[in-house]
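Generate coordinates for the sequence data below:
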Amino acid sequence: MNRPSRFLSILASVVAVGCSGGDSEVDVALRAALLTSGPVSDAGWYAGAYDGLKLIESFLGAQVSHQQTRTPAEFDEAFLAYAADGYDLIFAHGFEYQDAAIRAGELFPNTTIIVSGGGRVAANVVPLIFRLEEGSYLAGMAAAGLSRTGIVGMVGGVAIPPAQGTFRAFEAGARAIDPEVRVLETFTGDWNDVAAAKEATVAQINRGADVIIHNVDAASFGVFQAVRESVAAGRTTWALGMNSDQNDVAPDVIVGSAVIRIPEAFVAVALAWQEGDVGGEAIYAGSNQQVVDFVINPALAHVVPLDLLERIDLSRTQIRSGELVVPRVAFVEGEVGVR
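Below is the predicted model:
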């Protein structure tokens, strides 16, 4: 079994069985670190990564550490500090870490660096690519099916390829339901600026958008607040979560979330690393391993028409079987197709 297939087998097992805690079976305790460029209190992208780190700690008995790093200089410093201290695995959670990861990997060949959403590959620098576009495609279907105005919105942080890919898929999903749907797109330039995200959301609502999805981090709170205020003003407006199951963050307005099950994926990476099956090529994880999905908010399931739910379920099945190929933006070095 080749490395990607071996990883996917491990990942499928982890997702199916779950991780409730336990002791690592290896003789030497794993040391794993996490770098995030934003706060792990964001209830989304960073929070999922931190939960993954803590799951590695509890499930594998690993020694773990986390740092929030905001600038490229801090990226370099953190990589070098962890690698020099003998950490085995460093999870760098974001596309922005890829160049610093390559530099650190060259200096410390015995440290493996996992870059979530990264695009550069080396023997010990491994992009972990979540096929989130498969979840955002289904979210786009939900958005178009719920919209009364025929206008839906997308609010993003920085226009990096992974974020752009989720929006292209969201747009395709929306057009699968309503070919005439109008899709608004705004990038604020910042993942965590709550005020900027709220302002962008308000502007889209004022242009007629009545269902809004985001691809930001802590700034998602601004998106949800803008939608809540729109509802309070008497409009019918809905939000969609992204990166993790955010349905409980604003359960009165979030109809569903495009979800990445980051903790399970992190544990699968750690297990594959222990078996020598990580290195030299990107790792892809998507809906076929149930890592990526679109999850309806149970509290608002009644607002989603049954026929729309059935179409979303059918598309989910077709994506998992390979019958439906979701648009994506390729950004990994040497990538020749979707795996």
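
center of this protein - which residue?
residue 243 (3.8 Å; CA atoms, centre = their mean).

isn't that residue right next to residue 215, touching?
Yes - between residue 243 and residue 215 a contact is recorded at 7.4 Å, counting by CB atoms under 8 Å. C-beta: built from backbone N, CA, C; applies to glycine.

Give the burial count for residue 136, as a bare number.
31 (other CB atoms under 10 Å).

Pretty sure it sits against residue 213.
Yes - judged on CB under 8 Å, residue 136 makes contact with residue 213 at a distance of 7.0 Å.

joint contacts of those two?
Residues touching both residue 136 and residue 213 (CB atoms under 8 Å, 6 or more residues apart in numbering) are 170, 242, 258.

how close does the last one get to residue 198?
Residue 258 sits at a distance of 20 Å from residue 198 (criterion: CB to CB, to the nearest Å).

more crowded one of those two?
Neighbour count, other CB under 10 Å: between residue 258 and residue 198, residue 258 has more, with 32 against 21.

Just the element for the more buried one, please.
strand 254-260 (DSSP states H and E).

Using CSV, write out every CA atom in that strand.
C-alpha atoms of strand 254-260 as CSV (Å, rounded to 0.1, in the frame of the first residue of the first chain):
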residue,chain,number,x,y,z
ILE,A,254,-26.5,29.5,11.2
VAL,A,255,-28.4,27.0,9.1
GLY,A,256,-25.4,24.7,8.6
SER,A,257,-21.6,24.5,8.4
ALA,A,258,-19.0,23.4,6.0
VAL,A,259,-17.0,21.2,8.4
ILE,A,260,-13.5,20.0,8.6
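
Can you tell me how far residue 209 is from residue 227?
10 Å.

Any idea what residue 238 is bridged to?
residue 211 (DSSP bridges).

neighbours around it, how many?
26.

Also residue 286?
For residue 286, using other CB under 10 Å, the count is 24.

Isn't it up against residue 265?
No - using CB under 8 Å, residue 286 is not in contact with residue 265, being 10.2 Å away.

List phi and psi for residue 250.
Main-chain torsions, residue 250, degrees, to the nearest 10: phi -140, psi 70.

And for residue 104?
Main-chain torsions, residue 104, degrees, to the nearest 10: phi -70, psi -40.

Quick check: it vs residue 115, distance?
In terms of CB to CB, residue 104 sits 11 Å off from residue 115.

Compare these two (neighbour count), which wins?
Taking other CB under 10 Å, residue 104 and residue 115 do not tie; residue 115 has more neighbours (29 against 26).

so how far is the helix or strand encompassing that one off the chain centroid?
Assigned by DSSP H and E, residue 115 falls within strand 112-116. On the basis of CA atoms, centre = their mean, to the nearest Å, strand 112-116 sits 15 Å off its chain's mean C-alpha point.

and it, which strands flank it?
Here, using DSSP bridges, strand 112-116 pairs with strand 89-92 (parallel), strand 125-130 (parallel).

Now do stretch 332-339, average pLDDT.
If you average the pLDDT over stretch 332-339, you get 66.

Next, show the common contact partners of residue 286 and residue 265.
residue 130.

what are the ranges of the helices in the stretch 201-339 of the chain?
Ranges of helices within the stretch 201-339 of the chain are 220-232, 262-274, 306-321, based on DSSP state H, counting those that start in this stretch.

Nearest to residue 72 among those helices would be which one?
Nearest to residue 72, of all these, is helix 262-274, at 23.5 Å by CB to CB.

Just the C-alphas of the closest one, formatted as PDB.
Extracted C-alpha coordinates of helix 262-274, given in PDB (Å, rounded to 0.1, in the frame of the first residue of the first chain):
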ATOM      1  CA  ILE A 262      -9.400  18.600  11.900                       C
ATOM      2  CA  PRO A 263      -8.800  16.800  15.200                       C
ATOM      3  CA  GLU A 264      -9.300  13.300  13.700                       C
ATOM      4  CA  ALA A 265      -7.100  14.300  10.700                       C
ATOM      5  CA  PHE A 266      -4.300  15.400  13.000                       C
ATOM      6  CA  VAL A 267      -4.400  12.200  15.000                       C
ATOM      7  CA  ALA A 268      -4.300  10.200  11.700                       C
ATOM      8  CA  VAL A 269      -1.200  12.200  10.600                       C
ATOM      9  CA  ALA A 270       0.500  11.400  13.900                       C
ATOM     10  CA  LEU A 271      -0.300   7.700  13.700                       C
ATOM     11  CA  ALA A 272       0.900   7.600  10.000                       C
ATOM     12  CA  TRP A 273       4.100   9.400  11.000                       C
ATOM     13  CA  GLN A 274       4.700   6.900  13.700                       C
END
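
And for the closest residue to residue 324 other than its chain neighbours, the neighbour number?
Nearest residue to residue 324, sequence neighbours excluded (CB to CB, 6 or more residues apart in numbering): residue 318, at 3.7 Å. Residues near residue 318, counting by other CB under 10 Å, number 13.
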